[in-house]
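1. Sequence and computational prediction follow.
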Amino acid sequence: MELVQTKAELSGGDILFLISCHEIISRQDRARYGATLVIHSSDLPEGRGWSPQNWQILEGRNKLVVSLLEADDKVDSGAIWAKRPVVLEGHELCDEINHRLFSVWVELMDHAVANFGRVEPQPQDDRQPSYYRRRTSEDSRLDPAQSISAQFDLLRVADPDRFPAFFDFRGHRYHVRISKASEVSDE
């Protein structure tokens with residue numbers, strides 16, 4: 001097993017996992033592996049593209065699906081090896097959401113290794129694909145005129161290091177970082 005950061009470092013092997021990969025891995029590069037797999041946090045073909053977990057949470061979803069699929073020339077269109085559900089409770093913050101997803105990612109990678117050579121990948125179903133665009137820092141903008149409750153999901157998914165939630169008010173920009181202090185009753 002080797003961990004690489006760029007496609008220039010690819011040396012070939014049984015399985016190549018593309019995790020948070022932002023480079024296009026050509027068919028020629030993929031051919032150096034027995035399988036080239038992608039982990040994507042949506043119920044493909046729905047939710048192809050960027051940061052599907054964040055977009056789905058912003059749509060009000062707490063039931064997500066993580067897909068393990070073969071890399072293909074068209075992004076997120078490959079055959080499916082496995083899917084796993086992830087159920088959130090609606091209070092998890094960015095680090096907790098990522099921790100839950102990463103646990104499932106590891107489970108799916110274990111599944112791929114344990115079943116390598118025996119999996120019969122299935123084409124994605126006939127649902128119309130949907131796509132999410134790449135998130136930018138502007139997507140973490142809060143509206144100071146709206147309530148915390150109305151914007152809580154945005155606060156939950158805003159990456160406090162790369163794309164912290166923010167708002168502009170009285171000529172200044174303010175970053176908002178939240179952390180969970182304790183569990184309390186909502187009543």
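-> Received, thanks.
2. Now do whichever helix in the chain runs longest: everything it contacts.
-> Longest among the helix segments of the chain by residue count, using DSSP state H, is helix 94-114. Applying C-beta atoms under 8 Å, 6 or more residues apart in numbering, the set of residues contacting helix 94-114 from outside is 15, 17, 19, 35, 37, 39, 41, 53, 57, 64, 66, 68, 81-82, 84, 86, 88, 92, 119, 156-160, 180. Using the backbone N, CA and C atoms, a C-beta is placed for each residue, glycine as well.
3. Show me which of those residues are buried.
-> When burial is judged by neighbour count using 16 or more other C-beta atoms under 10 Å, the buried members of these are 17, 35, 37, 39, 41, 53, 57, 64, 66, 68, 81-82, 84, 86, 88, 92, 119, 156-160.
4. Keep only those of those that are in helices.
-> Those of the buried ones among the contacts of helix 94-114 mapping onto helices are 53, 57, 156-157, per DSSP H.
5. farthest-separated two in these?
-> Of all pairs drawn from these, the widest gap by C-beta to C-beta lies between Gln53 and Arg156 and measures 10.6 Å.
6. Ignoring the adjacent residues along the chain, who's closest to Leu142?
-> Once its chain neighbours are removed from consideration, Leu142 has its nearest residue in Phe167; the separation is 4.2 Å (C-beta to C-beta, 6 or more residues apart in numbering).
7. mind listing the strands for the chain?
-> If DSSP state E is used as the criterion, the strands of the chain fall at 13-18, 33-40, 48-49, 63-70, 80-87, 131-132, 165-169, 172-176.
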